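Asker: Next comes the sequence, and after it the predicted model I'd like to discuss.
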2 protein chains.
Amino acid sequence: MTQPLRAATTEAYDTDSFIRQLVEDRLIIPTAVPGTFGRAAVFEDVLNRFNDLITRVSADEPTEFCTFPPVIDRSIIERVDYLDWFPHLCGSVHSFCGDAVEARVLSENVHANAPYGQLLEPSRVVLNPAACYPLYPTLTGTLPAGGKLVTMVNWVFRHEPSHEPTRMQSFRVREFVRLGRPEDVAAWRDGWAQRSLSLLQDLELPAALDTASDPFFGTAGTAMADSQKSQRLKFEILVPVISEERPTAVCSFNLHRDHFGHVFDIHLPDGSSAHSACLGFGLERITMALFKAHGSHPHEWSPKVRQLLWP
Amino acid sequence: MTQPLRAATTEAYDTDSFIRQLVEDRLIIPTAVPGTFGRAAVFEDVLNRFNDLITRVSADEPTEFCTFPPVIDRSIIERVDYLDWFPHLCGSVHSFCGDAVEARVLSENVHANAPYGQLLEPSRVVLNPAACYPLYPTLTGTLPAGGKLVTMVNWVFRHEPSHEPTRMQSFRVREFVRLGRPEDVAAWRDGWAQRSLSLLQDLELPAALDTASDPFFGTAGTAMADSQKSQRLKFEILVPVISEERPTAVCSFNLHRDHFGHVFDIHLPDGSSAHSACLGFGLERITMALFKAHGSHPHEWSPKVRQLLWP
């Protein structure tokens, strides 16, 4: 409990040359737990400017903007079967609900370095695992005839502690969710995949589009992933950040068919379940990809890149 | 598990006339769990503009900016005795670490509406309960001679579900942390208390400064709160939002003496433990105070207020 944080930190951040560079150039601030580093001023500036760029390039379609907190209603992840398919990634929030006697036991356990999780109870919230989840229950009912387009910046959580800098436990996603008729939703997803690819290439990133699958848990999960891939339900844009051989997914484009429409009772004027698709820009990953490709000093980036981010 | 979210929502948001107004004017988006509503575009715009105003008015002092994720190293709250003094507010993050057989039990429990918290294990992170906490372990060592001033925008969590709109479970704080010699830190805290009061009054908010205490748990907590108050360790700026009689704390100013300097081994060049103070603007609460005082339509606010927020 009183282990030296600084020592843990140094060791962790020495395992990868890119993260060491990010630390040395004061872009991120090391913390003792993998995947929870602080973001320093220049890092945040680039991240916010990329987010603003997305706002500008998406301004041609009427889009509702909102932000949800990093914690969401537990029943959402229960209803969408998240704990069946991604139990290993969940972050369930537990709190202390006891009296003074139980509080003393809690305190004693904490200070004796003894387990105390059993003294806490699951609360009504979990960490949000996917930027679009909190939106769906707010849309229960009938959509307008043309459907709906919503954009958000939300913090999401994945329990996958790693010293690999792009594999964070907590990060921000700039998300767009399109709901409507199946053909409109699919065309929107496909159009944005191309549009996003062009945008990242305009930022002089070596970006490539590919079909992809989610990290479903276990043996049944492998079959789910294969099915998702063969049906081209998920695309990702990949950019080399940590290695050339295993580029990092910085953006994903997902067709949900009527999964969320069905679970959350969102329908079209004709009474059928709404289809939906989402796209998410991993804001920290894109920021890291920019630093990797162009160096740690944004004032030295090419005029073309600077013009897009500092218009 | 499949209870109608919309029904829960309506009931919850009908208990208070101000929150009903925020919903009707599309400033916030109701969710089923109290204190976790979505923030819509106009709400976010005002919140961000107030945050930008703080950046401008604080530009006269060299300040490091950073952002930390909503989850932090569990050992931080253990080391600062948070679970002794505020066990009822904590958000401990638990995850599933089992195999395929245990995953099946988890899934069965979820779908049978049976308890499943006992199948999860405490992870190395907790929700951040106070905006300044993640900073201290990054400062272990010797500070520069003049001390240090750092500012952050962080999401914080308090497990206090309530239908009262200003009592959120998850919200953003614009935080400043000053570390250094006792007299410098105290002068900085006192100066900012006056400066913040003037700023909020310039925004035409009926703001007042008062001594305050933290919501310590239990009987010993009452004594702690009394001591904190008599030593004037905590000030708050209060603005009526929900009621005139019980105004809402929108900003707090806290002297920590050498508590964090001692716990995290942060010292001054002479080897003594650094003292510290923090101030936090509750960004959602200030945004709500502005809507309460000036109405739901920012384009109708007074020229003076608009000039400050839309310079």
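Answerer: Okay, I see it.
Asker: In which helix or strand does the residue of chain A most remote from its centre reside?
Answerer: Relative to the centre of chain A, the most outlying C-alpha is that of residue A:101, 40.1 Å out, by CA atoms, centre = their mean. For residue A:101, the host element (DSSP states H and E) is helix A:100-111.
Asker: then that helix to CSV, C-alphas only?
Answerer: Extracted C-alpha coordinates of helix A:100-111, given in CSV (Å, rounded to 0.1, in the frame of the first residue of the first chain):
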residue,chain,number,x,y,z
ALA,A,100,-20.2,2.7,11.3
VAL,A,101,-19.2,-0.8,12.5
GLU,A,102,-18.8,-2.1,9.0
ALA,A,103,-16.8,1.1,8.1
ARG,A,104,-14.4,0.3,10.8
VAL,A,105,-13.8,-3.2,9.4
LEU,A,106,-13.3,-1.6,6.0
SER,A,107,-10.7,0.7,7.4
GLU,A,108,-8.9,-2.0,9.2
ASN,A,109,-8.7,-4.2,6.1
VAL,A,110,-7.5,-1.3,4.0
HIS,A,111,-4.7,-0.5,6.4
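Asker: Contacts (any at all) between chain B and that helix?
Answerer: Yes. Using CB under 8 Å from any CB of the partner chain, helix A:100-111 reaches chain B at A:100, A:103, A:106, A:107, A:110. (C-beta placed from N, C-alpha, C; glycine too.)
Asker: Give me the buried entries from these.
Answerer: A:103, A:106, A:107, A:110 (16 or more other CB atoms under 10 Å in any protein chain shown).
Asker: Widest-spaced pair of these?
Answerer: Between any two of those, the greatest separation by CB to CB is 10.6 Å, found for A:103 and A:110.
Asker: So residue A:210 belongs to a strand, correct?
Answerer: Yes. Judged by DSSP: H, G, I helix; E, B strand; the rest coil, residue A:210 forms part of a strand.
Asker: Low-confidence ranges, chain A, go.
Answerer: Along chain A, segments meeting pLDDT under 70 span A:1-15.
Asker: In terms of secondary structure, what does the helix holding residue A:101 contact?
Answerer: Packing contacts for helix A:100-111, counted by 3 or more CB pairs under 8 Å, 6 or more residues apart in numbering or on different chains; DSSP states H and E, involve helix B:82-85, helix B:218-230.
Asker: just those helices: most buried one?
Answerer: helix B:82-85 (a mean of 22; mean count of other CB atoms under 10 Å in any protein chain shown).
Asker: Between the residues of helix A:100-111 next to chain B, which sits nearest residue A:303?
Answerer: Set against residue A:303, the nearest of the residues of helix A:100-111 next to chain B by CB to CB is residue A:110 (54.9 Å).
Asker: Test my guess that that closest one contacts residue A:120.
Answerer: No. Applying CB atoms under 8 Å, one finds residue A:110 not in contact with residue A:120, separated by 11.3 Å.
Asker: Would you confirm that residue A:19 belongs to a helix?
Answerer: Yes. Assessed by three-state DSSP, residue A:19 belongs to a helix.
Asker: pretty sure it is touching residue A:167, no?
Answerer: No. Between residue A:19 and residue A:167 no contact is recorded; they are 10.6 Å apart, counting by CB under 8 Å.
Asker: Of the two, which one has the most company?
Answerer: The residue with more neighbours, out of residue A:19 and residue A:167, is residue A:19; 23 against 16, by other CB atoms under 10 Å in any protein chain shown.
Asker: need the contact list for that one.
Answerer: Residues near residue A:19 by CB atoms under 8 Å, 6 or more residues apart in numbering or on different chains: A:13, A:28, A:163, A:164, A:165.
Asker: Which helix or which strand is home to the fourth one?
Answerer: Yep, that's residue A:164 we're talking about. Residue A:164 belongs to no helix or strand, assigned by DSSP H and E.
Asker: give me every residue that touches it.
Answerer: So residue A:164 contacts A:16, A:19, A:242 (CB under 8 Å, 6+ apart).
Asker: Pick the one among the residues you listed closest to chain B.
Answerer: Chain B has its nearest neighbour among these in residue A:19, at 15.1 Å by CB to the nearest CB.
Asker: how close does the closest one get to residue A:87?
Answerer: 28 Å (CB to CB, to the nearest Å).
Asker: Columns distance to chain A on top of the helices and strands packed on helix A:100-111, output as JSON lines?
Answerer: Below are those laid out as JSON lines (distance: least, CB to the nearest CB, whole Å):
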{"stretch": "helix B:82-85", "distance to chain A": "5"}
{"stretch": "helix B:218-230", "distance to chain A": "5"}
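Asker: Can you convert those into TSV and add a column each for distance to residue B:34?
Answerer: TSV is the format used below for the helices and strands packed on helix A:100-111 (distance: least, CB to CB, whole Å):
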stretch	distance to residue B:34
helix B:82-85	23
helix B:218-230	23
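Asker: helix, strand or coil for residue A:53?
Answerer: Under three-state DSSP, residue A:53 comes out as helix.
Asker: Could you pull up the contacting residues of it?
Answerer: Going by CB under 8 Å, 6+ apart, residue A:53 touches A:199, A:308, A:309.
Asker: related to what we said a few turns ago, of the helices and strands packed on helix A:100-111, which is nearest residue A:141?
Answerer: Per CB to CB, nearest to residue A:141 of the helices and strands packed on helix A:100-111: helix B:82-85, 41.4 Å.
Asker: Which neighbouring elements make contact with the closest one?
Answerer: In this structure, helix B:82-85 makes packing contacts with helix A:100-111, judged by 3+ CB pairs under 8 Å, 6+ apart.
Asker: Mind listing residues that contact the helix it packs on?
Answerer: Outside helix A:100-111, the residues that reach it (CB under 8 Å, 6+ apart) are A:1, A:96, A:98, A:114-116, A:119, B:78, B:83-84, B:87, B:217-219.
Asker: Look up how far residue A:183 lies from residue A:274.
Answerer: 13 Å.
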